[in-house]
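*Asks:* got a predicted model here, sequence first, then my questions.
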Amino acid sequence: MNGLARIERRAGLRAAWTGLALLALAVPAVAAAVAESAPTPARQTELIYLLKQDCGSCHGLTLKGGLAPPLLPATIAERDDETLIETILDGRPGTPMPPWRFQIAPQEAAWLVQQLRQGVHAE
Amino acid sequence: MNTSIILRRLRTFVAGAALVALAGCAGTDTLRGSGDLGLIIERATGSIQIIETTGRTQLATVKGLGDLSHASAVYSRDGRFAYLFGRDGGLTKVDMLKAKIVKRVMQSGNSIGGAISQDGRLIAVSNYKPGGVKVFDAGTLDLVADIPAIDADGNRSKVVGLVDAPGQRFVFSLYDSGEIWMADFSAGGAPALRKFPDIGTLPYDGLITPDGRYYAAGLFGEDGIALLDLWNVDAGVKRILDGYGRGEQPLPVYKMPHLEGWASAGGALFLPAVGRHEILVVEKESWRELGRIPVHGQPVFAVARPDGRQVWVNFAHPRNDVVQVIDTQSRKVIHSMKPGKAILHMEFTPRGEQVFVSIRDADKVDVYDTRTFDRLTTLDARKPSGIFLTARANRIGL
């Protein structure tokens, strides 16, 4: 019993260490990717303004929906990032959703999707 | 103790003085009509500004109107009360002379516009969610009728393009199911509903001609317009202007055009094309296309000056910093100006000598002389969108 517990503990410890090591590797990588692709603060302000005012003309200023569907965290939860980013960049043929690639870069679209998932509040 | 008595007395004195001041304001020398009043929607702050167009000044701000991100207003027939339709489903009655909210009801989750009946007694609101039309008593805002927009298959639809029509009728379009419905309140009590299904895909807005005869629904999903002759409703809906819509290769549209205020002049109508940088010129009655006028961007509003001599056009994002003026005789752009980013709306005074232009990103409303194009004044407003003057009270479909 004691031996087993010790082995289990050791295994758990090893797993924890492996996890930590992986985390140590992964965290800076993710952080670096986000930092690299995140728009500048000035551009972020522009993008949020665009989102509220221009996307808002169909999706609602508060993103609660209008002629187009709502863009609230709960309503976009079932869609993956890729689909959402692609929709922003290339629109949705057969619907009034137009492509925005001429104004929004792919990494900016990715950043916008992150913001939408967190919830963008009208001030 | 002593101080508190003094304070109380002081307060009484101040209150008294304020009352005297108010009474002075309400005296006969300040009695005024409502014919030159109007309101500016401040979309981000849920407020409106009450303005007058004679001296071009701001009279008051009314707050607490909810989400006005896509709001519109109609007026009581005496021009005293404005009925505002907010995005959040709020219907608010505002006293324009007292600059006060008289009553406010939350009538749905998400609404888009409304209309006032021919006799001024009914207010109809078109709703996205839940889709349908609700009709209220204009005096009390009590619910009079509820018309859920449910098609033959049981699906609920968003409602767009709600207008009033002569004969105490309201006409509107079902966005998702592609139908035009007419609700006739002339018998009093429950409305008689008449439905016109299969008018085409995704009607995005509707309008009634200023004479109240034709109701037209613009189609987003198809190339054309659905037209209902309200003098001959038994003839049903017909399709006009193939080529008006998005075309065989649909162009992306960055803001849905508005069909309100379809400009009519000299036997021709001037309409915003969908997606294209053009204004379409269409012959009245025959609905034949007479030509196209190239313009700066995708038009959103094409509004005729009340005398029909000019048509003013604003544009969709990202070309929304320009206003162009078309001369309806030569059918050419005769003036372009760049008042600022995000021009959202233009409203003429009833005889057309001035136009009020809202410039959202500049937080201002410019007023122009329509003959010289000189800027007469600028009014400060926070994120202004729609501008609605009380003269609308006397026009069919507005």
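*Replies:* Received it, and whenever you're ready, just let me know what you need. Here the structure is a predicted model, which means the values were calculated and not measured.
*Asks:* who touches the residue nearest to the spatial centre of chain B in this structure?
*Replies:* By C-alpha atoms, centre = their mean, chain B has its centre lying nearest to B:Ser72, at 4.9 Å. Residues near B:Ser72 by C-beta atoms under 8 Å, 6 or more residues apart in numbering or on different chains: B:41, B:84-85, B:112-114, B:386, B:388. C-beta here means a position set from N, CA and C on the backbone, and glycine is covered the same way.
*Asks:* among the residues you listed, which ones lie close to chain A?
*Replies:* Among the contacts of B:Ser72, the residues lying close to chain A (C-beta under 8 Å from any C-beta of the partner chain) are B:Ile112.
*Asks:* can you add neighbour count and give the contacts of B:Ser72 back as a markdown table?
*Replies:* Putting the contacts of B:Ser72 into a markdown table (neighbours: other C-beta atoms under 10 Å in any protein chain shown) gives the following:
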| residue | neighbour count |
| --- | --- |
| B:Ile41 | 29 |
| B:Leu84 | 25 |
| B:Phe85 | 27 |
| B:Ile112 | 26 |
| B:Gly113 | 23 |
| B:Gly114 | 26 |
| B:Gly386 | 21 |
| B:Phe388 | 24 |
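*Asks:* in stretch B:170-187, what's buried?
*Replies:* Buried residues in stretch B:170-187, counted by 16 or more other C-beta atoms under 10 Å in any protein chain shown: B:170-185.
*Asks:* which ones among those also lie next to chain A?
*Replies:* B:Tyr175.
*Asks:* which SS class is the residue lying closest to the residue nearest to the centre of chain B once chain neighbours are set aside?
*Replies:* Distances taken as C-beta to C-beta, 6 or more residues apart in numbering or on different chains place B:Gly113 nearest to B:Ser72, at 4.8 Å, with adjacent residues excluded. Three-state call for B:Gly113 (DSSP: H, G, I helix; E, B strand; the rest coil): strand.
*Asks:* with A:Leu89 instead?
*Replies:* helix.
*Asks:* ok, it - contacts?
*Replies:* Applying C-beta under 8 Å, 6+ apart, the residues near A:Leu89 are A:99-101, A:104, A:106, A:109.
*Asks:* can you do 6 Å?
*Replies:* A:101, A:109 (C-beta atoms under 6 Å, 6 or more residues apart in numbering or on different chains).
*Asks:* a helix runs through B:Gly154, doesn't it?
*Replies:* No. Under three-state DSSP, B:Gly154 sits outside any helix and is assigned coil.
*Asks:* what is the least confident helix or strand in chain B?
*Replies:* The weakest-scoring helix or strand in chain B, judged by mean pLDDT, DSSP states H and E, is helix B:2-25 (a mean of 47).
*Asks:* give me the next element, helix or strand, following it.
*Replies:* Counting by DSSP states H and E, the next helix or strand C-terminal to helix B:2-25 is strand B:37-42.
*Asks:* packing partners for that following strand?
*Replies:* The contact analysis (3 or more C-beta pairs under 6 Å, 6 or more residues apart in numbering or on different chains; DSSP states H and E) places strand B:37-42 against strand B:47-52, strand B:384-389.
*Asks:* to B:Asp153, which of those strands lies closest?
*Replies:* strand B:384-389 (34.7 Å; C-beta to C-beta).
*Asks:* kindly export the closest one (C-alpha atoms) in CSV.
*Replies:* Output in CSV follows, covering the C-alpha atoms of strand B:384-389 (Å, rounded to 0.1, in the frame of the first residue of the first chain):
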residue,chain,number,x,y,z
PRO,B,384,-25.6,61.8,-34.7
SER,B,385,-27.6,59.6,-37.1
GLY,B,386,-31.2,60.2,-38.1
ILE,B,387,-32.7,63.7,-38.4
PHE,B,388,-36.4,63.9,-38.4
LEU,B,389,-38.3,67.2,-38.8
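*Asks:* for the chain, which residues score under the pLDDT cut-off?
*Replies:* You didn't pick a chain, so chain A it is. Within chain A, the ranges that satisfy pLDDT under 70 run A:1-36, A:121-123.
*Asks:* hm, I was asking about chain B
*Replies:* Ranges of chain B meeting pLDDT under 70: B:1-29, B:243-250, B:260-262.
*Asks:* touching chain A at all, the strand or helix carrying B:Val303?
*Replies:* B:Val303 belongs to strand B:299-304 when assigned by DSSP H and E. No. Counting by C-beta under 6 Å from any C-beta of the partner chain, chain A has no neighbours in strand B:299-304; the shortest distance is 9.5 Å.
*Asks:* residue numbers of chain B in contact with chain A?
*Replies:* Near chain A, when you scan chain B using C-beta under 6 Å from any C-beta, you find B:67, B:69, B:220, B:252-255, B:317.
*Asks:* could you single out the nearest of the residues you listed to B:Leu143?
*Replies:* Out of those, the member with the shortest distance to B:Leu143 (by C-beta to C-beta) is B:Asp67, at 20.9 Å.
*Asks:* the closest one: what secondary structure?
*Replies:* coil.
*Asks:* tally of neighbours for it?
*Replies:* Neighbourhood size, B:Asp67 [other C-beta atoms under 10 Å in any protein chain shown]: 21.
*Asks:* for it, what are phi and psi?
*Replies:* Dihedral pair for B:Asp67: phi -80, psi 110, per degrees, to the nearest 10.
*Asks:* got the buried residues for stretch B:39-58?
*Replies:* In stretch B:39-58, counting by 16+ other C-beta under 10 Å, buried: B:39-44, B:46-53, B:56.
*Asks:* end to end, how far does that stretch reach?
*Replies:* Stretch B:39-58 stretches 9 Å from its first residue to its last (C-alpha to C-alpha, to the nearest Å).
*Asks:* over to stretch B:218-233?
*Replies:* End-to-end distance for stretch B:218-233: 18 Å, by C-alpha to C-alpha.
*Asks:* what residues does that stretch touch?
*Replies:* When contacts are defined by C-beta under 6 Å, 6+ apart, stretch B:218-233 is touched by residues A:96, B:165, B:180, B:199-205, B:213-217, B:235, B:237-242, B:244-245, B:247, B:259.
*Asks:* if you set the cut-off to 7 Å instead, what comes out?
*Replies:* A:96, B:165, B:180, B:182, B:194, B:196, B:199-205, B:212-217, B:235, B:237-247, B:257, B:259, B:274, B:287 (C-beta atoms under 7 Å, 6 or more residues apart in numbering or on different chains).
*Asks:* these in helices, which ones?
*Replies:* For the contacts of stretch B:218-233, not one is inside helices, with DSSP state H as the criterion.
*Asks:* of those, buried ones?
*Replies:* Applying 16+ other C-beta under 10 Å to these, the neighbour count classes A:96, B:165, B:180, B:182, B:196, B:199-205, B:212-217, B:237, B:239-241, B:244-246, B:257, B:259, B:274, B:287 as buried.
*Asks:* nearest residue to residue 88 other than its sequence neighbours?
*Replies:* Here I'm looking at chain A. A:Ala109 (4.3 Å).
*Asks:* actually, chain B is the one I wanted.
*Replies:* In space, B:Asp88 comes closest to B:Asp67 once its chain neighbours are excluded; the distance is 3.8 Å by C-beta to C-beta, 6+ apart.
*Asks:* which residues touch the one you found?
*Replies:* Counted by C-beta under 7 Å, 6+ apart, B:Asp67 has contacts A:61-62, B:46, B:86-88.
*Asks:* hmm, try it at 10 Å
*Replies:* A:60-62, A:64, A:122, B:43-44, B:46, B:86-90, B:110-111 (C-beta atoms under 10 Å, 6 or more residues apart in numbering or on different chains).
*Asks:* return the members of those residues classed as buried.
*Replies:* A:60-62, A:64, B:43-44, B:46, B:86-90, B:110-111.
*Asks:* for those, which one is nearest B:Thr328?
*Replies:* Nearest to B:Thr328 among the buried ones among the contacts of B:Asp67, with distances taken as C-beta to C-beta, is B:Arg43, at 30.6 Å.
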